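Enquirer: Prediction below, plus the sequence it came from.
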Amino acid sequence: MPSTHAAVTATLGAAVRAHAAGRAALGAGAEELTYGDLAELTAALAGRLARLGCGPGDRVALLGANSIEWAAALIACGDLGAIAVPLNTRLGPPELGLQIEQVEPRLVLADAALEDAVAGAIGRAAGATSAPAVRTLGRDGPRSIWRTPARDAAPARLPPGAPALIAFTSGSTGPPKGAVISHAALAHAARACGAALGIREDDRTLVMAPLFHNTGYADQLATVLMAGGAVDLVPAFSRAAVREALIRRPASYLIAVPGVLRLLTESEGADRMLAACRIAAYGGAPMPAAWIADLAARRPHLRLANVYGLTEYTSLSHTTAPGDDPDSVGRPVLGAEQLIVGDDGAPVAAGVPGHILVAGPSRMTAYWRAPQRTREALRGRWLVTGDVGSVAHDGLLRLVGRASEVINRGGEKVSPAQVEAAMSAEPAVAEAGVVGAPDPVLGERVVAFVTLRRAASLDPATTRRRLRLKLADYAVPERFVVVDDLPRTAAGKLDRHALRRAAAHTDTGRPHGVAHT
């Protein structure tokens with residue numbers, strides 16, 4: 001792409017202003033904005049953020065369901081040079097508090113329904129130097145950001161390396177990790193994703209994933225807006241909401257975890273919902289071969305693409321092309337590079353599994369205020385993904401597994417240690433070992449093996465209710481397996497391999513509750 005055009009579209013706001021004002025840009029429910037409307041809305045919001053003191057380098061936390069206002073806030077932050085910090089709406093106050101404490105935002109923009117969670121999170125962020133201002137994202141209500149008087153705020157002149165986002169990863173132990181994504185990285189990621197999947201200006205996408213995920217803000221919102229297409233939003237995934245949205249404004253490009261795509265294709269009225277769809281990308285979990293074959297047979301016009309990426313790379317780094325082995329995740333996208341190394345850091349031979357490293361212009365700059373963790377993740381220009389895979393002579397990347405013990409539940413990453421720590425506070429639990437059990441739809445489900453305190457019993461419903469106050473809802477175990485003793489290695493450590501084998505063979509068809517092994 002010519003460098004002059006790249007300079008014009010260095011931010012999402014610049015891309016919005018560069019497209020024809022009358023073209024459809026962003027919709028939610030019955031409301032749809034043109035590019036001209038969206039440019040006016042984001043400029044008005046930028047003026048209000050500026051009135052509250054937000055400028056280059058200031059962090060603005062975004063906590064809300066998918067909405068036009070959320071998307072406008074992301075764009076407005078970029079225009080001001082403020083750093084947007086998308087926060088996971090499914091986190092509890094303790095986890096939100098850690099992230100707010102870490103980034104010290106000047107402002108938190110949240111849905112009105114989440115104000116109590118924000119207040120609890122700020123109350124727990126005792127290490128913050130000062131409490132941030134809080135405003136609601138919606139255009140109504142006494143605390144709405146839209147009630148703040150605006151001031152003139154011209155788009156800031158930003159170097160390409162200026163940070164656009166701090167995107168928190170999940171699934172690790174210790175403090176949360178916030179990947180710093182530059183404007184240049186976000187812009188390149190959007191163009192690379194668009195080029196890899198063949199996104200055009202006449203395409204429309206429906207964002208079913210949360211906008212705080214890189215699938216939402218990068219693979220869909222940024223990618224399609226950069227291309228000049230249209231983006232529709234549903235507040236949260238449900239078959240009813242998606243059906244209504246796809247019938248109202250049919251989408252030509254969809255991306256989701258395999259289980260969600262399967263639900264849509266098997267839903268009543270699927271032919272009508274998917275009549276316009278020509279690109280269906282999936283990632284975050286394996287797609288069963290039978291599903292791929294079924295989709296290809298029933299919808300031969302549909303281009304299926306397996307994609308692979310991670311938060312630290314902004315967006316996808318790999319995707320399959322038509323004719324590629326469906327068991328692979330394809331080849332690197334535009335600008336991306338791959339390297340497979342052994343435990344010694346040296347490259348391995350073709351076809352030999354090793355640690356996956358990626359490099360390219362979409363790579364994060366660093367982890368926010370975490371130099372040691374940054375050094376562990378970055379080796380020169382290479383990013384250590386934490387996954388294991390192999391690349392044969394055909395150049396296709398094939399995933400072998402995760403180097404870590406993280407549970408991948410439908411694309412959501414769950415830290416076993418974090419769940420075990422939360423369970424340790426349960427009055428009936430003496431010790432817990434948490435692993436993932438194979439699941440045909442989500443990839444894995446969370447299973448907790450527990451030993452009980454003397455004379456205690458475990459009530460699954462009560463335990464889940466309490467755990468939801470401490471954990472994201474997807475991290476709460478769906479099954480509890482009560483055992484006399486947890487398996488140990490020779491060194492006395494918890495034997496997770498044995499637990500995973502047990503979880504795979506435990507009857508998953510019974511009602512989710514207490515099972516005795």
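Expert: Arrived safely.

Enquirer: who are the neighbours in contact with the most centrally placed residue in the chain?
Expert: Centroid-nearest residue in the chain: His213, 2.6 Å away (criterion: Cα atoms, centre = their mean). By Cβ atoms under 8 Å, 6 or more residues apart in numbering, the contact set of His213 is Gly411. The way it works is simple: take the backbone N, C-alpha and C, and place the C-beta from them, glycine included.

Enquirer: now swap in Val234 and tell me
Expert: Val234 neighbours (Cβ under 8 Å, 6+ apart): 28, 66, 206-208, 241-242, 245.

Enquirer: What residues are bridge-paired with Ala305?
Expert: Beta-bridge pairing for Ala305 (DSSP bridges): Ala281.

Enquirer: Give me the distance between it and Pro159.
Expert: 33 Å (Cβ to Cβ, to the nearest Å).

Enquirer: Give me the more crowded residue out of the two.
Expert: Neighbours were counted for Ala305 and for Pro159 using other Cβ atoms under 10 Å; Ala305 has more, 23 against 10.

Enquirer: Just the pLDDT for the more buried one.
Expert: Per-residue pLDDT puts Ala305 at 96.

Enquirer: these two touch, right, it and Thr320?
Expert: Yes: Ala305 is within contact range of Thr320, at 5.4 Å (criterion: Cβ atoms under 8 Å).

Enquirer: Now do the shared contacts for the two.
Expert: In contact with both Ala305 and Thr320: Gly330, using Cβ under 8 Å, 6+ apart.

Enquirer: State whether Ala122 is indeed within a helix.
Expert: In this structure residue 122 is Ile, not Ala. Yes: judged by DSSP: H, G, I helix; E, B strand; the rest coil, Ile122 forms part of a helix.

Enquirer: residues near it, how many?
Expert: 20.

Enquirer: how about the helices in the stretch 351-500 of the chain?
Expert: 371-377, 416-423, 460-467, 496-505 (DSSP state H, counting those that start in this stretch).

Enquirer: now what about the first one, what contacts it?
Expert: Outside of helix 371-377, the residues that reach it under the criterion Cβ under 8 Å, 6+ apart are 177, 312, 366-367, 383-384.

Enquirer: mind running it again at 10 Å?
Expert: By Cβ atoms under 10 Å, 6 or more residues apart in numbering, the residues outside helix 371-377 that reach it are 169, 172, 174-175, 177-180, 312, 363-368, 370, 383-386.

Enquirer: One more: the second one?
Expert: Helix 416-423 is contacted from outside by 92, 94-95, 170-174, 404-407, 415, 429, 431-436, 446, 448, 450, 463, 466-472, 475-477, 480, 494, 496, 499, using Cβ under 10 Å, 6+ apart.

Enquirer: the strands in the stretch 201-350 of the chain, which residues?
Expert: Here the stretch 201-350 of the chain has its strands, by DSSP state E, counting those that start in this stretch, at 204-207, 230-233, 253-256, 279-282, 303-309, 316-319, 331-332, 337-341.

Enquirer: out of the ones you listed, nearest to Val16?
Expert: strand 230-233 (10.9 Å; Cβ to Cβ).

Enquirer: quick one: low-confidence parts of the protein?
Expert: Low-confidence segments of the chain (pLDDT under 70): 1-9, 125-129, 170-175, 285-286, 401-404, 489-493, 506-517.

Enquirer: can you list the domain ranges for it.
Expert: For the chain, automatic domain parsing gives the domain ranges 1-25+32-158, 407-516.

Enquirer: Format those as CSV; extra columns: distance to Ala296.
Expert: Shown next, in CSV, are these (distance: least, Cβ to Cβ, whole Å):
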stretch, distance to Ala296
domain 1-25+32-158, 30
domain 407-516, 18
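
Enquirer: Please identify the most buried of those domains.
Expert: Ranked by average neighbour count under the criterion mean count of other Cβ atoms under 10 Å, the domains of the chain are headed by domain 1-25+32-158 at a mean of 19.

Enquirer: Just list the residues touching the closest residue to Leu114 other than its chain neighbours, thanks.
Expert: Leaving aside its chain neighbours, Leu114 sits nearest to Leu63 (5.5 Å; criterion: Cβ to Cβ, 6 or more residues apart in numbering). Counting by Cβ under 10 Å, 6+ apart, Leu63 touches 70, 85-89, 91, 96, 99-100, 108-111, 114-115, 117-118, 121, 134, 137, 212.

Enquirer: what separates Leu63 from Ser130, distance-wise?
Expert: Taking Cβ to Cβ, one finds Leu63 at 19 Å from Ser130.

Enquirer: need the contact list for Phe450.
Expert: I think there's a mix-up here, since residue 450 is Val and not Phe. Per Cβ under 10 Å, 6+ apart, neighbours of Val450: 420, 423, 426, 428-434, 458, 463, 477, 480-483, 486, 514.

Enquirer: so which of the strands of the stretch 201-350 of the chain is the most packed in?
Expert: Most buried among these, counting by mean count of other Cβ under 10 Å: strand 316-319, with a mean of 28.

Enquirer: from the chain's centre, how far out does it sit?
Expert: 14 Å (Cα atoms, centre = their mean, to the nearest Å).

Enquirer: So which elements touch it?
Expert: helix 183-197, strand 303-309, strand 331-332, strand 337-341, strand 354-359, strand 382-391, strand 397-402 (3 or more Cβ pairs under 10 Å, 6 or more residues apart in numbering; DSSP states H and E).

Enquirer: Can you report phi and psi for the closest residue to Arg464 other than its chain neighbours?
Expert: Spatially, and ignoring its direct neighbours in sequence, Arg464 is nearest to Val476 (5.3 Å; Cβ to Cβ, 6+ apart). When read as degrees, to the nearest 10, the backbone of Val476 gives phi -70, psi 130.

Enquirer: Surely Val476 and Ala461 touch.
Expert: No: counting by Cβ atoms under 10 Å, Val476 stays clear of Ala461, with 11.3 Å between them.

Enquirer: what sits against the residue of the chain most remote from its centre?
Expert: Taking Cα atoms, centre = their mean as the measure, the residue most remote from the mean C-alpha position of the chain is Ala455, 42.1 Å away. Residues in contact with Ala455 (Cβ under 10 Å, 6+ apart) are Ala428.
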